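[1] Structure, please.
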Amino acid sequence: MVREGSSIDKALSVLEAIAEHHRVTDIAAATGISKSTVHRILQSLVEWGFARADGTGGYEPGPRILTLAGRVMARFDPARQAAGALRALHERTGYTTHMAVRNGDEAVYVEKLEGRRPYQMPSRIGMSLRLHSTAIGKAILAQLDDEEVRAIAARTGLPGLTAGTLTDAESLLAGLREVRERGYAVDDGENVSDIICVGAPVLDHTGQVLGGISISALVMDMTRAELEQHAQEVMSAAREVSMAMGAPLIQPTP
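    The predicted structure is shown next:
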């Protein structure tokens with residue numbers, strides 16, 4: 001619904017509605033705007049190229065939307081969009097904070113904020129990370145179906161990096177089911193033996209997984225109680241980042 005009397009809000013509401021609705025009647029019902037006003041707005045959108053008649057009496061998004069989206073995405077920087085949420089998470093926890101985006105069968109760090117501790121994590125922006133042994137990686141894998149995870153496992157081989165690394169596909173899948181249920185992933189010395197990480201997925205404008213964010217510390221520097229507390233903060237930050245990426249509204253995990 002739009003605020004009464006706001007022509008800009010009404011036009012934007014109609015523009016958003018034609019992504020899912022085609023008939024004037026349905027658009028009017030979805031937006032709460034009268035059919036006559038919806039029809040008038042649609043005519044203007046057609047003239048501007050943001051909508052087009054579909055030949056059956058309905059409307060659909062026009063080519064100018066794609067042109068505009070292409071220009072925006074060409075300049076889109078995930079790290080910049082996530083900067084505020086990452087800084088806030090870093091300030092709240094004091095731990096090293098990362099963001100990585102998926103790149104095929106791995107992920108790549110695009111942001112790192114060093115923790116307020118007398119040590120540094122052995123990570124860097126531009127460094128690749130494995131999906132099966134890291135918190136961000138497992139958060140990403142948990143958003144995929146089992147067959148895709150198995151295909152990735154077959155290609156990468158799931159090498160054991162520490163004594164705690166999950167090195168077979170079925171054990172990994174079982175762990176990912178737990179990740180889906182609770183909303184976050186944990187790397188408890190699975191990638192580097194003395195480092196613990198908590199990660200959550202970041203979704204893009206299509207609702208698909210883009211990457212993830214995490215906090216990292218030495219195992220001796222984060223208790224289980226602290227892990228549970230900070231996991232909620234990581235998930236909250238990941239939802240905020242996802243919204244900044246244009247993801248559909250994500251409800252908090254109960």
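[2] what bits of the stretch 1-150 of the chain have low per-residue confidence?
    1-5, 69-78 (pLDDT under 70).
[3] Recalculate using a threshold of 80.
    Under the criterion pLDDT under 80, the flagged ranges of the stretch 1-150 of the chain are 1-6, 65-81.
[4] What's the local residue count around residue 136?
    32 (other Cβ atoms under 10 Å). In short, each C-beta sits where N, CA and C put it, glycine included.
[5] Helix, strand, or coil at it?
    Under DSSP: H, G, I helix; E, B strand; the rest coil, residue 136 falls in the helix class.
[6] List the beta-bridge partners for the closest residue to it other than its chain neighbours.
    Counting by Cβ to Cβ, 6 or more residues apart in numbering, the nearest residue to residue 136 once its immediate chain neighbours are dropped is residue 212, at 3.8 Å. Beta-bridge partners for residue 212, by DSSP bridges, are residue 100, residue 201.
[7] list the contacts for the residue nearest to residue 131 when sequence neighbours are not counted?
    Nearest residue to residue 131, sequence neighbours excluded (Cβ to Cβ, 6+ apart): residue 137, at 3.4 Å. Applying Cβ atoms under 8 Å, 6 or more residues apart in numbering to residue 137 gives the contacts 106, 107, 129, 130, 131, 185, 187, 199, 212.
[8] Just the element for the nearest residue to residue 44 once chain neighbours are set aside, please.
    Leaving out its chain neighbours, the residue that sits closest to residue 44 by Cβ to Cβ, 6+ apart is residue 11, at 7.3 Å. Per DSSP states H and E: residue 11 is located in helix 7-17.
[9] Check which residues of that helix are buried.
    Neighbour-count burial for helix 7-17 flags 10, 11, 13, 14, 15, 17 (criterion: 16 or more other Cβ atoms under 10 Å).
[10] What is that helix packed up against?
    helix 24-31, helix 35-48 (3 or more Cβ pairs under 8 Å, 6 or more residues apart in numbering; DSSP states H and E).
[11] how about the longest one as CSV, C-alpha atoms only?
    Extracted in CSV, the C-alpha atoms of helix 35-48 (Å, rounded to 0.1, in the frame of the first residue of the first chain):
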residue,chain,number,x,y,z
LYS,A,35,-7.7,1.1,-11.5
SER,A,36,-8.0,4.4,-13.3
THR,A,37,-4.9,5.7,-11.6
VAL,A,38,-3.0,2.5,-12.2
HIS,A,39,-3.9,2.7,-15.9
ARG,A,40,-2.7,6.3,-16.1
ILE,A,41,0.6,5.4,-14.4
LEU,A,42,1.1,2.4,-16.7
GLN,A,43,0.7,4.6,-19.7
SER,A,44,3.5,6.9,-18.5
LEU,A,45,5.7,3.9,-17.7
VAL,A,46,5.1,2.5,-21.2
GLU,A,47,6.1,5.9,-22.7
TRP,A,48,9.3,5.9,-20.7
